[in-house]
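Undergrad: from the sequence below, what's the structure:
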Amino acid sequence: MPAIQSLAISFGLVTVPVVVVTATESHNVNFRRIHLPDNGWVRNRYICETENREVTYQDIGQGYEMSDGRIIPITEEDLENLPLPTAKAIELVGFVPTASIDPIRIGRGYYLQPQGEVAARPYVLLRKALERQRKVGVAKFALSGRERLGLLRVRGDAIVLHSMHWPDEIRDPSDVAPPPAKVTDEEIDGAMALVDTMAIGSLEAAEFRDRYTDALHEVIAAKQEHRELPEAPQRAEPGRLVDLMATLRESVAKAQAARVEGAEAEVREFPEQKAAKKASTMKQTTKKGAAKKASGRRPRGT
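TA: Below you'll find the model as predicted:
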């Protein structure tokens with residue numbers, strides 16, 4: 001896995017040297033920009049506005065533009081020696097229960113690899129402490145030109161660092177909330193029944209596969225072999241919702257039919273199903289009681 005940079009976890013007076021490595025990889029299909037008449041590549045060219053000539057990538061740096069138009073050059077060395085405590089450290093500032101973190105704040109993940117034998121013991125110590133306390137660490141660190149809020153958690157035998165959004169970066173959800181709408185308890189039970197029916201054990205099933213990339217490769221292969229392109233499936237037009245309960249019942253029935261055979265899932269019943277089953281059970285109990293009572297009577301003497 002490619003390393004991004006070397007940092008050190010600051011855990012009280014304990015320091016854990018680590019290497020930050022990418023925890024995910026992209027399987028995106030990349031395209032080239034082409035000139036349509038002849039399929040020739042279209043490239044970017046870097047032009048220096050002062051000299052009005054093309055320059056190479058090796059001649060390009062970065063700078064900050066002042067309000068008066070002056071440019072202040074900023075080198076990689078300047079960034080590496082920022083007067084910032086987290087410039088070369090992952091500074092743990094506290095620990096919170098995992099359930100207290102809103103998932104919308106969690107960003108990209110990175111594995112933290114202990115750097116050298118000296119880091120192994122404190123690394124394992126921190127990992128086991130997080131496991132047993134069932135908590136995650138909240139930290140500050142610098143990466144890609146800015147200080148970030150981070151989240152440290154355990155995955156297998158490794159510690160994962162997630163970048164997090166700062167509180168003021170999360171938009172207020174009330175802007176997209178729907179207007180007030182009344183739903184009945186029966187409809188809520190129906191929705192819960194559908195949720196239970198669609199319960200899954202993990203996200204490792206074959207259905208969780210990038211079908212977009214597969215379909216794109218099919219199109220590329222067909223074009224390469226001069227075959228007819230595969231047809232796109234017809235999209236079903238969304239129907240008008242007339243009877244919510246009827247639609248929920250139909251959805252539950254379809255989900256039950258499509259469920260993988262042998263999968264175990266508790267299915268919540270609709271209110272009328274519960275009432276019918278209860279009445280049936282009481283009726284059977286009454287019949288059994290009457291039969292038992294009748295069988296226990298002594299025959300009358302002659």
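
Undergrad: C-alpha from now on. contacts and neighbour counts both.
TA: OK.

Undergrad: walk me through the domains of this protein.
TA: Following automatic domain parsing, the chain resolves into domains at 3-28+84-168, 40-80.

Undergrad: endpoints of the shortest one, how far apart?
TA: Using Cα to Cα, to the nearest Å, one end of domain 40-80 lies 40 Å from the other.

Undergrad: again with the longest one
TA: Terminal residues of domain 3-28+84-168 are spaced 30 Å apart (Cα to Cα).

Undergrad: now mean neighbour count too, for the domains of the chain, in TSV please.
TA: What follows is the domains of the chain, written out as TSV (neighbours: other Cα atoms under 10 Å):
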stretch	mean neighbour count
domain 3-28+84-168	16
domain 40-80	10
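
Undergrad: for the ones you listed, give me JSON lines that also has mean pLDDT and distance to Gln234.
TA: Formatted as JSON lines, the domains of the chain follow (pLDDT from 0 to 100; distance: least, Cα to Cα, whole Å):
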{"stretch": "domain 3-28+84-168", "mean pLDDT": "88", "distance to Gln234": "25"}
{"stretch": "domain 40-80", "mean pLDDT": "89", "distance to Gln234": "34"}
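
Undergrad: mind putting the ones you listed into CSV with distance to Leu203?
TA: Formatted as CSV, the domains of the chain follow (distance: least, Cα to Cα, whole Å):
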stretch, distance to Leu203
domain 3-28+84-168, 15
domain 40-80, 39
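
Undergrad: Glu225 is nearest to which of the ones you listed?
TA: domain 40-80 (20.3 Å; Cα to Cα).

Undergrad: out of the domains of the chain, which is closest to Ala177?
TA: Comparing those by Cα to Cα, domain 3-28+84-168 comes nearest, at 16.0 Å.

Undergrad: give me the residue at the spatial middle of the chain.
TA: Pro103 (8.1 Å; Cα atoms, centre = their mean).

Undergrad: could I get the CA-only coordinates of stretch 216-228 as PDB?
TA: Provided in PDB are the C-alpha atoms of stretch 216-228 (Å, rounded to 0.1, in the frame of the first residue of the first chain):
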ATOM      1  CA  LEU A 216     -18.700   0.000 -18.700                       C
ATOM      2  CA  HIS A 217     -16.200  -2.800 -19.500                       C
ATOM      3  CA  GLU A 218     -18.900  -4.600 -21.400                       C
ATOM      4  CA  VAL A 219     -19.400  -1.500 -23.600                       C
ATOM      5  CA  ILE A 220     -15.600  -1.100 -24.100                       C
ATOM      6  CA  ALA A 221     -15.200  -4.800 -25.100                       C
ATOM      7  CA  ALA A 222     -18.100  -4.600 -27.500                       C
ATOM      8  CA  LYS A 223     -16.600  -1.500 -29.200                       C
ATOM      9  CA  GLN A 224     -13.200  -3.100 -29.400                       C
ATOM     10  CA  GLU A 225     -14.600  -6.200 -31.100                       C
ATOM     11  CA  HIS A 226     -17.000  -4.200 -33.300                       C
ATOM     12  CA  ARG A 227     -20.000  -5.900 -31.800                       C
ATOM     13  CA  GLU A 228     -23.400  -4.500 -31.100                       C
END
